[in-house]
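S.K.: sequence and predicted structure are below.
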Amino acid sequence: MGNRAGRGADRPALPPWLLHGSMLVSAMLVSTSFPVGKAITPFMDPVLLTLIRFCLAALLFAPYVGRRFGLANPGLAALGRYSLVSVALVGFFWLMFLSLRYTNSLHTGVLFTMVPGISGIYSWFLLRERLGLWRILALLLAMVGALWVIFAGDMEQLRALQFNRGDLLFFGGCLLMALYTPLIKLLHRGEPMAVMTFWILVTGCGWLLLFTLLNPPAPLFGPVPTRVWAGIAYLAVFTTIITFFISQWATLHLGPTRVMAYSYLYPPLIVFIDWCLSGALPDLRTLAGVLIILPAMYVVQRGNASTGR
């Protein structure tokens with residue numbers, strides 16, 4: 001395992017501004033997927049929507065990958081590696097949609113704050129990634145800040161939460177999502193990241209098709225509005241191809257835990273997007289949560305960009 005963790009040490013160092021700037025762009029794009037998804041899911045089953053999103057992303061990315069690197073069959077061993085990564089992603093989406101039949105987005109938002117910490121545990125076990133005491137404390141502080149934003153400073157709501165079987169399903173999805181970035185670093189074999197991203201999308205389509213057959217979506221009644229297809233196209237390009245590529249590329253240089261820690265920025269970024277769309281300023285209690293997250297993120301992200309130390 002030590003050799004696996006050490007593979008990234010031989011990569012040329014990249015400017016920290018490029019790595020962290022790219023991850024900020026990725027976090028912003030992911031945050032836009034929430035209002036877009038909320039606007040289009042009433043018109044289409046979420047699992048079917050995710051299948052179409054992955055398939056469209058693979059089809060749109062194929063010409064670029066084919067022209068630059070070729071689309072030859074990578075072989076069973078490589079397809080096995082890509083399938084392990086994609087099943088973590090697809091399993092998360094599938095369990096998320098399944099869990100929302102029994103729970104709500106507030107509960108799932110709370111549980112998702114555990115993902116970076118779980119990812120850190122996986123990274124220590126699989127890659128021997130050392131976080132250090134200060135980074136662990138900063139991860140915990142960032143989690144508190146994210147929860148503060150989710151509940152707008154009213155932590156009594158957190159204490160009043162009563163978890164159910166839907167929450168257990170979503171927690172299973174969080175365990176899979178936390179594996180995503182550690183598996184990227186563990187299973188990367190030096191191929192161009194665009195190639196790895198493409199085949200993760202392709203194998204993800206296979207998993208989604210299997211899950212769709214196991215749990216058939218509700219049939220579509222009537223034509224799907226044009227804005228829904230436009231929303232799916234946006235999700236496929238900006239919050240699938242681009243964000244998958246950035247997060248997988250950055251994982252090789254920053255390490256899995258630091259990349260996954262950017263998910264703590266989703267709640268404040270969603271608040272910012274909502275402010276831009278509605279013009280309604282967030283209250284001071286919500287802003288207090290943002291002020292908790294930002295210094296905690298600085299501590300998590302500081303250090304050598306290439307080694308993660």
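M.R.: It's in. Numbering: from 1, shown residues only.

S.K.: contacting residues around the closest residue to Asp154 other than its chain neighbours?
M.R.: Nearest residue to Asp154 in three dimensions, chain neighbours excluded: Arg285, at 7.3 Å (C-beta to C-beta, 6 or more residues apart in numbering). Bear in mind the C-beta positions are built from the backbone N, C-alpha and C, glycine included. By C-beta atoms under 8 Å, 6 or more residues apart in numbering, Arg285 lies in contact with 148, 152-154.

S.K.: helix or strand: which one has Arg285?
M.R.: Using DSSP states H and E, Arg285 falls within helix 284-301.

S.K.: equivalent analysis for Asn73, please.
M.R.: Assigned by DSSP H and E, Asn73 falls outside every helix and strand.

S.K.: so who does it touch?
M.R.: Per C-beta under 8 Å, 6+ apart, neighbours of Asn73: Leu79.

S.K.: ok, and what's touching the helix or strand harbouring Leu24?
M.R.: Using DSSP H and E, the element containing Leu24 is helix 16-40. Residues from elsewhere that reach helix 16-40 (C-beta under 8 Å, 6+ apart): 46, 49, 227-228, 231-232, 234-235, 238-239, 242-243, 246-247, 249-250, 253-254, 259, 262-263, 265-266, 269-270, 272-274, 277, 301, 305.

S.K.: again, only using 6 Å
M.R.: 228, 231, 234-235, 238-239, 243, 246-247, 250, 253-254, 262, 265-266, 269-270, 273, 305 (C-beta atoms under 6 Å, 6 or more residues apart in numbering).

S.K.: ok, stretch 265-280 next?
M.R.: 27-28, 31, 34, 146, 149-150, 282, 290.

S.K.: all the strands of the stretch 101-250 of the chain, residue numbers only.
M.R.: Counting by DSSP state E, counting those that start in this stretch, the stretch 101-250 of the chain forms no strands at all.

S.K.: pLDDT weak spots in it?
M.R.: 106, 161, 218-222 (pLDDT under 70).

S.K.: buried residues in the helix holding Arg285?
M.R.: Applying a neighbour-count criterion of 16 or more other C-beta atoms under 10 Å, one finds 286-287, 289-290, 292-293, 296-297, 299-301 buried in helix 284-301.

S.K.: now do stretch 268-285
M.R.: Under 16+ other C-beta under 10 Å, the buried positions of stretch 268-285 are 268-271, 282.

S.K.: most neighbours, which of the contacts of Arg285?
M.R.: With neighbours taken as other C-beta atoms under 10 Å, the top of those is Trp148, carrying 24 neighbours.

S.K.: any figure for the gap between it and Leu56?
M.R.: 36 Å (C-beta to C-beta, to the nearest Å).

S.K.: one more: Gly21?
M.R.: 27 Å.

S.K.: those two: which is more packed in?
M.R.: In terms of neighbours (other C-beta under 10 Å), Leu56 is the more surrounded of Gly21 and Leu56; the figures are 20 against 11.

S.K.: that one reaches Ala236, doesn't it?
M.R.: Yes: between Leu56 and Ala236 there is a contact under C-beta atoms under 6 Å: 4.1 Å.

S.K.: count of neighbours near the residue nearest to Arg68 when sequence neighbours are not counted?
M.R.: For Arg68, ignoring the flanking residues on the chain, the nearest one in space by C-beta to C-beta, 6+ apart is Ala194 at 6.7 Å. Using other C-beta under 10 Å, Ala194 is surrounded by 17 other residues.

S.K.: surely Ala194 meets Val65?
M.R.: Yes: contact criterion C-beta under 6 Å: Ala194 and Val65 qualify, at 5.5 Å.

S.K.: for the stretch 101-250 of the chain, which segments count as helices?
M.R.: Remark: helices assigned in the stretch 101-250 of the chain by DSSP state H, counting those that start in this stretch are 105-112, 115-127, 133-150, 156-160, 165-187, 193-214, 226-236, 243-254.

S.K.: residue contacts, the nearest residue to Ile292 once chain neighbours are set aside?
M.R.: Spatial nearest neighbour of Ile292, excluding adjacent residues (C-beta to C-beta, 6+ apart): Gly145 at 3.2 Å. Counting by C-beta under 6 Å, 6+ apart, Gly145 makes contact with 289, 292-293.
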